[in-house]
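> here's a sequence, model it:
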Amino acid sequence: MSLDTDTVRRLREGMTRGVLSFPLTSFHDDGSLDPDGFRAHLAAQVATAPGAVFPACGTGEFFSLDEDEYRRVVTIAVEETAGRVPVVAGVGYGWAQAVRFARVAEEAGADALLVLPHYLVAAPQDGLVAQLEQLAARTTLPLIAYQRGQVTFTADSLKRVARVPNVIGLKDGHSDLDRLQRLTLAAPEDFLFFNGASTAEIQARAYATVGVPAYSSAVHAFAPEIANTFFTALRDGDDGTVEKLLRGFYVPLVELRDRVPGYAVSLVKAAARLRGRPVGPVRAPLTDPTAADLADLENLLTAGLDLVGAAL
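The predicted model follows:
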């Protein structure tokens, strides 16, 4: 497949301009998809000028969507962005299923794909490379590999991945900076790297030191004021603001997140609801926060908005 260089250019420019937005997928209280709620949420996200929009990924509960729901989510994202920012849709499971979702995303008008870690099994390096090769041979869209969970590339494997014509980058969720530095040095100069750690702001300074300043922000999904203030402060070397937000908001948020498995998504959705965003509940196997944790989240959100001079 030939490489879409315009998408690469737009992504590169967006990475320097703002955080990468991972919108939430809206559900009704009965668990059914809420397209109107998602459209409203997505429009609010785009209005805050993110570097790119990544619908139906981990924060967007890709794992709980069927193909028809996925199609509607990606289509709405393409419609609402209207070309203002790149749309990178999530795909995953094994490569055969990833191809099915890739075709849907391609038909819906997505600009690129984020290849989420495959399902269940551990695999050798040759298999990890082959997984991307199989998908790349069956889609015209640029691919960004996501190493997290059972997916970890060696420097030699990444060299092979980077030679696949339409694989354009790597998102890292392992936070192993020694390994990540080796990967950035092994990759071509034009290869894109993203910080994909949970609550990425916590490690953003460390990632930047190994040449990976771009990051995804779950906080942007419910408090773009906080996320954008942090991004600007980090980019401009305003260490005072960075540390104020880390101490007063991000570190307490991570401590709250770590109380219950799945809170990395559940708390984000709950915080969005606290701000009046029509995102609804999470789908099983995730669970919504307890009343006590929700109260702590509300207090923390108020404190974070106070730090940046915004209102709840």
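
> so, low pLDDT: which residues of this protein?
1-4, 310-312 (pLDDT under 70).

> now the helices for it?
Secondary structure of the chain (DSSP state H): helices at 5-17, 35-46, 67-81, 95-108, 125-136, 155-163, 177-186, 204-209, 224-236, 239-245, 251-257, 263-274, 291-308.

> any idea which of those is most buried?
helix 263-274 (a mean of 22; mean count of other Cβ atoms under 10 Å). Where C-beta positions appear, they are placed from N, C-alpha and C, glycine not excepted.

> what's near enough to touch the residue nearest to Leu11 when sequence neighbours are not counted?
Using Cβ to Cβ, 6 or more residues apart in numbering and skipping the chain neighbours, the partner closest in space to Leu11 is Pro86 (5.3 Å). Pro86 is in contact with 7, 10-11, 14, 52-53, 111-112, counting by Cβ atoms under 8 Å, 6 or more residues apart in numbering.

> on that earlier part again, would CSV of the helices of the chain with distance to Phe193 be doable?
Formatted as CSV, the helices of the chain follow (distance: least, Cβ to Cβ, whole Å):
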stretch, distance to Phe193
helix 5-17, 9
helix 35-46, 23
helix 67-81, 23
helix 95-108, 21
helix 125-136, 16
helix 155-163, 10
helix 177-186, 6
helix 204-209, 9
helix 224-236, 16
helix 239-245, 21
helix 251-257, 22
helix 263-274, 21
helix 291-308, 27
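
> right, and those helices - which one's nearest Gly196?
Gly196 sits nearest to helix 204-209 of all the helices of the chain, at 9.6 Å, using Cβ to Cβ.

> between the helices of the chain, which one is nearest to Pro285?
Nearest of these (Cβ to Cβ): helix 263-274, 10.8 Å.

> helices or strands next to the closest one in the packing?
With contacts defined as 3 or more Cβ pairs under 8 Å, 6 or more residues apart in numbering; DSSP states H and E, helix 263-274 has these neighbours: helix 251-257, helix 291-308.

> that one to helix 35-46, inter-axis angle?
Computed by axes from the mean of the first three to the mean of the last three Cα atoms, to 10 degrees, the angle separating helix 263-274 from helix 35-46 equals 90 degrees.

> what does helix 263-274 contact?
For helix 263-274, with Cβ under 8 Å, 6+ apart as the criterion, the contacting residues are 24, 41, 58-59, 61, 198-199, 218-219, 221-223, 253, 256-257, 260, 279-282, 286-289, 293-294, 297-298, 301, 312.

> drop anything exposed from those residues.
Neighbour counting with 16 or more other Cβ atoms under 10 Å marks 24, 41, 58-59, 61, 198-199, 218-219, 221-223, 253, 256-257, 279-282, 286, 288-289, 293-294, 297, 301 as buried within the contacts of helix 263-274.

> on that earlier part again, which of the contacts of Pro86 sit farthest apart?
Thr7 and Val53 (12.9 Å).

> ok, back up a step: in TSV, list the contacts of Pro86 along with distance to His174.
Below are those laid out as TSV (distance: Cβ to Cβ, whole Å):
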residue	distance to His174
Thr7	25
Arg10	27
Leu11	21
Gly14	23
Ala52	21
Val53	24
Asp111	26
Ala112	22
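
> residues in contact with Asp111?
4, 7, 10-11, 86-88, 141-142.

> mind putting these into CSV with distance to Val242?
Formatted as CSV, the contacts of Asp111 follow (distance: Cβ to Cβ, whole Å):
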residue, distance to Val242
Asp4, 34
Thr7, 30
Arg10, 27
Leu11, 24
Pro86, 26
Val87, 29
Val88, 26
Leu141, 35
Pro142, 31
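
> among the residues you listed, which two are most distant?
Maximum distance among the contacts of Asp111 (Cβ to Cβ): 13.4 Å, for Arg10 and Leu141.

> measure Leu20 to Thr7 for me?
Counting by Cβ to Cβ, to the nearest Å, the gap from Leu20 to Thr7 is 14 Å.

> and for Leu246?
33 Å.

> same check on Gln131?
Taken as Cβ to Cβ, the span from Gln131 to Thr7 is 21 Å.

> now Thr302
For Thr302 relative to Thr7 (Cβ to Cβ), the value is 39 Å.

> do Arg275 as well
31 Å.

> would you mind confirming that Leu113 is in contact with Thr140?
No - applying Cβ atoms under 8 Å as the test, Leu113 and Thr140 come out as separate, 10.4 Å apart.
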